[in-house]
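Engineer: mind looking at a prediction? Sequence and model below.
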Amino acid sequence: MNSTKTTIFLLLLLFIPIFGDAAPRDLRDDQEKAKNFSKPEYYYQIKNKYDFIDWTVKDGLILVIRKGRYGCINEKGIEIVPPKYDSVYPFNKRVARIELNGKWGLLDIIAGKEIIPPQYERTYSFKEGFAAVRLNGKWGYIDIAGNDITPLKYEAALEFEKEGVAAIKLNGKWGYIDRTGKEIIPPKYTSTTFLKNGKIEALLDDYIYIINAAGKVLGRRPTSEFVKKVKKDAERVKNNFANPEYYYQARGKYEYIDPYLRNGLILVRQNEKYGYIDKTGKEVIPPRFDGIGGAFHDRFVIKLGEKYGLIDSSEKEIIPTKYDGINLSTPCVIVKIGGKYGLVDYTGKEIISPRYDDIGGYAPPSDTFGIKLGEKYGLIKSSGKVIIPPEYDFLSISSSNVIVRAHGRQWLFDYTGKKIREVPVED
């Protein structure tokens with residue numbers, strides 16, 4: 001009998017701490033949460049109304065959950081935001097971000113009215129009074145009243161910095177906008193970094209540009225990769241100049257100096273425009289073109305926008321800048337426009353208007369070009385004279401003759417257009 005009593009007593013001792021500790025812990029939780037309210041009784045009045053009441057207060061609001069939905073109450077226990085949202089993030093005492101069914105919007109907390117119904121795919125927090133929002137895969141900015149600051153057109157949009165600027169990405173390039181939505185730094189940089197000192201580092205080609213928050217470029221420095229490249233090419237570049245001093249003078253002026261001579265001239269780039277200098281560093285063609293090449297027969301292929309033309313060393317226009325492509329050959333110039341090819345001589349005179357689907361295969365010293373019209377091939381001279389009409393399914397040019405094929409048969413021609421003989425078709 002005494003043994004049974006002893007056992008019961010020991011069991012009671014084991015269970016008393018377990019049940020005895022729960023009530024004090026719940027009581028302590030209640031006491032801590034009640035401190036968030038202006039009066040403790042406000043907490044106890046609404047304690048059982050919600051499944052969860054947050055421990056913390058933000059801007060005078062307390063997060064609550066009921067049946068898996070979020071809302072907010074104030075320090076008096078008054079329900080400010082009904083618990084009907086998937087998420088609620090108060091930005092301040094007036095505005096909160098709300099989420100419902102995977103969409104985001106804005107809520108006027110005081111009025112209890114949605115400023116913007118949940119419609120955005122994603123939003124960032126408000127910083128400096130603005131938030132980045134995404135809709136249909138494009139980003140833009142809104143202010144705290146829900147007004148659009150920029151169109152929804154960017155591929156990416158970051159939060160505003162305290163200096164009042166925000167990074168945006170458009171067509172794969174980065175730039176910055178200000179509080180008005182104006183692009184103060186155009187989106188043309190490969191990458192950008194906002195520094196603690198309020199300045200911005202922006203990478204473009206081989207240089208890192210230092211830009212202030214007003215969009216003014218303060219300076220630049222070469223990337224470490226570019227420095228290595230310059231060191232590698234330095235001797236070659238210096239040897240292209242009549243005197244090493246000319247090279248160092250040019251290096252201080254241009255952002256790029258090509259390491260190769262092109263018919264005695266050196267390609268340079270300045271402010272993203274291209275031109276040529278000679279071995280003394282004198283500008284032959286000032287860098288004002290989007291692209292330049294050639295340097296052949298004192299003729300230079302130039303690019304302005306997406307069109308090509310031809311100039312001489314005095315910058316006199318030889319061929320108007322209207323073509324989609326230009327290819328220099330020894331006897332004349334092949335031009336392309338609207339998908340058709342033609343020939344122009346080095347004085348700018350049109351030999352053949354663009355009419356062929358392709359011109360190429362120049363074979364010196366025969367002064368001839370292969371042509372394509374539709375799916376047929378032929379041969380012309382640089383004068384424009386047709387010596388083999390474009391009526392063959394195949395054409396092959398060598399230094400001594402031409403082979404053509406049609407209807408399963410094959411012939412050998414010379415460069416005067418004379419048919420020499422039929423030759424067997426190889427399998």
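Structural biologist: That came through fine. Note that the coordinates shown come from a computational prediction; the quantities given were computed from them, not determined experimentally. Numbering: from 1, shown residues only.
Engineer: what sits against Gly384?
Structural biologist: If you count contacts by CB atoms under 8 Å, 6 or more residues apart in numbering, Gly384 has them with Leu343, Ile351, Ile352. For the C-beta atoms, the positions are set from N, CA and C on the backbone; glycine is no exception.
Engineer: which one of those residues is nearest Ser191?
Structural biologist: When the contacts of Gly384 are compared for distance to Ser191, the smallest value, 44.8 Å, is given by Leu343; criterion: CB to CB.
Engineer: give me the pLDDT value at the residue most central in space within the chain.
Structural biologist: In the chain, the residue lying closest to the centroid (CA atoms, centre = their mean) is Gly172, at 0.9 Å. The score at Gly172 is 95. That number is its pLDDT.
Engineer: surely it touches Ala156?
Structural biologist: No - using CB atoms under 8 Å, Gly172 and Ala156 do not qualify as a contacting pair, with a distance of 10.0 Å.
Engineer: ok, and the most crowded of the contacts of Gly384?
Structural biologist: Per-residue neighbour counts (other CB atoms under 10 Å) across these peak at Leu343, which has 25 neighbours.
Engineer: is that one bridged to anything, and to what?
Structural biologist: Each beta-bridge partner of Leu343 is listed here: Ile334, Ile352, as defined by DSSP bridges.
Engineer: Lys376 now?
Structural biologist: Leu373.
Engineer: wait, it touches Phe394, no?
Structural biologist: No - because the distance of 9.7 Å does not satisfy CB under 8 Å, Lys376 is recorded as not touching Phe394.
Engineer: okay, the closest residue to Ser38 other than its chain neighbours: pLDDT?
Structural biologist: Spatial nearest neighbour of Ser38, chain neighbours left out: Glu75 (4.5 Å); criterion: CB to CB, 6 or more residues apart in numbering. As predicted, Glu75 sits at a pLDDT of 88.
Engineer: quick one, what contacts Glu75?
Structural biologist: Each residue near Glu75 by CB under 8 Å, 6+ apart is listed here: Asn36, Phe37, Ser38, Tyr42, Val57, Gly60, Ile62.
Engineer: can you tell me the SS state at the last one?
Structural biologist: In this case it means Ile62. In the three-state summary, Ile62 is assigned as strand, counting by DSSP: H, G, I helix; E, B strand; the rest coil.
Engineer: per-residue pLDDT, it?
Structural biologist: 87.
Engineer: now do the strands in the stretch 101-250 of the chain.
Structural biologist: Counting by DSSP state E, counting those that start in this stretch, residue ranges of the strands within the stretch 101-250 of the chain are 103-108, 113-120, 122-123, 130-135, 138-143, 156-157, 166-170, 173-177, 183-189, 191-194, 200-204, 207-211, 217-222.
Engineer: in TSV: the ones you listed, plus distance to Phe300.
Structural biologist: Compiled in TSV, the strands of the stretch 101-250 of the chain are given as follows (distance: least, CB to CB, whole Å):
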stretch	distance to Phe300
strand 103-108	55
strand 113-120	52
strand 122-123	50
strand 130-135	46
strand 138-143	42
strand 156-157	40
strand 166-170	33
strand 173-177	29
strand 183-189	26
strand 191-194	34
strand 200-204	25
strand 207-211	26
strand 217-222	28
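Engineer: need those in a markdown table (columns: distance to Trp411 and mean neighbour count).
Structural biologist: Rendered in a markdown table, the data for the strands of the stretch 101-250 of the chain read as follows (distance: least, CB to CB, whole Å; neighbours: other CB atoms under 10 Å):
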| stretch | distance to Trp411 | mean neighbour count |
| --- | --- | --- |
| strand 103-108 | 72 | 22 |
| strand 113-120 | 70 | 16 |
| strand 122-123 | 68 | 18 |
| strand 130-135 | 65 | 22 |
| strand 138-143 | 60 | 20 |
| strand 156-157 | 61 | 20 |
| strand 166-170 | 57 | 23 |
| strand 173-177 | 55 | 23 |
| strand 183-189 | 56 | 17 |
| strand 191-194 | 59 | 16 |
| strand 200-204 | 56 | 20 |
| strand 207-211 | 58 | 18 |
| strand 217-222 | 60 | 12 |
